[in-house]
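Asker: can't give you the sequence, but here's the structure:
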């Protein structure tokens, strides 16, 4: 995640500590925030924890190669969108081909001019910003990545459940408390979904942020119910903290509607619609989204937080 003041955050991964210190000094002089890791395992943990804007990754690392680290980064939905520049003293053609196939975005060989290196970093970041398919608020994969993941699963004939979540009464909350607190809610919802996935889901599960207060997750059909229950439990426990004491006590906010009439809006709740391909054939990401939206709208007809799973056999 971007550092303070809008600075871009870079994770430097290399087992040569003096090289890391030198590179960090030069990058910080150019306005970047930097983190360090000296082996593959630490790099993976650091990337998940801090979600940097860019990873500078040495090819030759102890225990895991840089290519292996990159492969794991690209398979994890939390880090799959982060660009990776591979640093190496080797210039073997085969190594580069393998690295590119595992998702490396660029290569640069030691030794290099720091000016060229800085320009290369800025180029990669500009390219990512232009083609960014992740949501800038939560850094979760966005629409392009969501659609690709659904279509990939369909193509592979994999069994999956797609859950579509959105918040009830979010607009009056946003208007009443302001966009800053609304953004805090959105980030918290992302954390809630990720926590539920971590506890009840699998390592290949996917979480995406469509935009605004709309999210999706993709999981094994057998785990969807438990994850939905986990999301709702965490949501109901956490969200009241974002209300002022008086509003929290009376469990609603008062806000004028379009005609100026004061309306009582209940506290935020979450509605989740789930579609699976256990009993029906899902033809495309568009088809999946249509059914999930239908189930989400059905869920909204119930008071409070709820989820509904499509079990129709078609």
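Answerer: Looks like it came in fine. No experiment lies behind these values; they were computed from the predicted model shown.

Asker: quick one: the nearest residue to residue 218 once chain neighbours are set aside from residue 29, how far?
Answerer: Distances taken as Cβ to Cβ, 6 or more residues apart in numbering put residue 206 closest to residue 218, at 4.2 Å, once the chain neighbours are dropped. C-beta coordinates here come from the backbone N, C-alpha and C atoms, glycine included. Separation of residue 206 from residue 29 (Cβ to Cβ, to the nearest Å): 38 Å.

Asker: tell me what the helix or strand harbouring residue 232 is packed against?
Answerer: Element membership for residue 232 (DSSP states H and E) is helix 224-238. With contacts defined as 3 or more Cβ pairs under 8 Å, 6 or more residues apart in numbering; DSSP states H and E, helix 224-238 has these neighbours: strand 161-168, helix 179-200, strand 269-276, strand 306-309.

Asker: what residues of the longest one count as buried?
Answerer: Using 16 or more other Cβ atoms under 10 Å as the test for burial, helix 179-200 gives 182, 185, 186, 188, 189, 190, 192, 193, 194, 196, 197, 200.

Asker: next up, the contacts around the third one.
Answerer: When contacts are counted by Cβ atoms under 8 Å, 6 or more residues apart in numbering, residue 186 is found next to 137, 138, 212, 213.

Asker: the last one touches residue 164, doesn't it?
Answerer: When you say that, I think you mean residue 213. No. Counting by Cβ atoms under 8 Å, residue 213 stays clear of residue 164, with 11.5 Å between them.

Asker: so which of the helices and strands packed on helix 224-238 is nearest residue 98?
Answerer: Minimum separation from residue 98 across the helices and strands packed on helix 224-238 (Cβ to Cβ) falls at helix 179-200, 30.2 Å.

Asker: now do the helix or strand just after that closest one: everything it contacts.
Answerer: Sequence order places strand 206-211 as the next helix or strand after helix 179-200, per DSSP H and E. Strand 206-211 has contacts (Cβ under 8 Å, 6+ apart) with 77, 134-135, 137-138, 140-143, 145-146, 149, 190, 193-194, 197, 215-219.

Asker: same thing with stretch 53-72?
Answerer: Against stretch 53-72 from outside (Cβ under 8 Å, 6+ apart): 1-2, 8-16, 23, 39-41, 43-44, 47, 73, 82-90, 95, 98-99, 102-104, 121, 124-125, 128.

Asker: hmm, try it at 6 Å
Answerer: Contact with stretch 53-72 is made by 2, 8-15, 39-40, 43-44, 82-88, 98-99, 102-104, as judged by Cβ atoms under 6 Å, 6 or more residues apart in numbering.
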